[in-house]
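In: model this:
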Amino acid sequence: MSADLTLVLGGARSGKSRYAEGLVTALGGPRVYIATSQVWDAEMAERVAKHRDDRGPDWTTVEEPRDLTGVLRAYAAEGSGVLVDCLTLWLTNLMMAEADVAAESAALVELLPTLPGRVVLVSNEVGMGIVPDNALARRFRDHAGRLHQSIAAVAPRVVLTVAGLPMFVKGTPV
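Out: Below is the predicted model of the structure:
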């Protein structure tokens, strides 16, 4: 099991990304930000640019919407920190591409404990709300829930952020 793997969950604007960035920054070594979002419009392009500016020049940003295992293999290194933001966007991208989400998720979960360095995964907790009213949204929620459970099983630390505050679900602060 990776000694330095953390899953950070939370709702929209809960502070999960800021907390995750702090975990990687505290390491002090090289920092890699793996962005899974895709830019579809001007508003999203503006958000991406702002986030990149906020992180500053000490981060290497890699934009990869689907091949998460490949990019993690390429960038995770001893003494470095890798932040993946976020798994729910990655799942969305896989679903929209009609990829085998279960197989991609299983490959990710299998890879995670073998990675060197600090790896922090950010994802939206979507299972605390109402049952979605359509089949696609229910499939998404189910994929996200299964992925979170599988990663939580192999991660030494799981953190839930609420109102900007980290709540340690599994493990202790680093």
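
In: Please count neighbours and contacts with C-alpha atoms only from this point.
Out: OK.

In: longest single helix anywhere in the protein?
Out: Counting residues, the longest helix found in the chain (DSSP state H) is helix 135-154.

In: show me where pLDDT drops low in the protein?
Out: 1-3 (pLDDT under 70).

In: in this protein, what residue sits furthest out from the centroid?
Out: D133 (25.6 Å; C-alpha atoms, centre = their mean).

In: For the longest helix of the chain, name the packing helices and strands.
Out: Here helix 135-154 touches helix 87-96, helix 101-111, going by 3 or more C-alpha pairs under 8 Å, 6 or more residues apart in numbering; DSSP states H and E.

In: So which bits of the longest one are buried?
Out: With burial defined by 16 or more other C-alpha atoms under 10 Å, the residues of helix 101-111 counted as buried are 101, 104-105, 108-109, 111.

In: Equivalent analysis for stretch 152-168, please.
Out: 152, 154-162, 166-167.

In: Let's have those in CSV, adding secondary structure and distance to V82.
Out: Converted to CSV, the buried residues of stretch 152-168 look like this (DSSP: H, G, I helix; E, B strand; the rest coil; distance: C-alpha to C-alpha, whole Å):
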residue, secondary structure, distance to V82
A152, helix, 17
V154, helix, 17
A155, coil, 15
P156, coil, 16
R157, strand, 15
V158, strand, 16
V159, strand, 16
L160, strand, 19
T161, strand, 19
V162, strand, 23
P166, strand, 19
M167, strand, 21
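
In: Now for these: which two are most distant?
Out: Across those, the two members that end up farthest from each other (C-alpha to C-alpha) are V154 and V162, 22.7 Å apart.

In: Let's verify the residue farthest from the centre of the chain: helix, strand, or coil?
Out: coil (DSSP: H, G, I helix; E, B strand; the rest coil).

In: gap between it and E110?
Out: Distance from D133 to E110, counting by C-alpha to C-alpha, to the nearest Å: 32 Å.

In: Equivalent analysis for Y19, please.
Out: 25 Å.

In: Also I151?
Out: In terms of C-alpha to C-alpha, I151 sits 9 Å off from E110.

In: Please apply the same query to Y75.
Out: 17 Å.

In: same check, this time on T88
Out: 18 Å.

In: A152 too?
Out: Distance from A152 to E110, counting by C-alpha to C-alpha: 12 Å.
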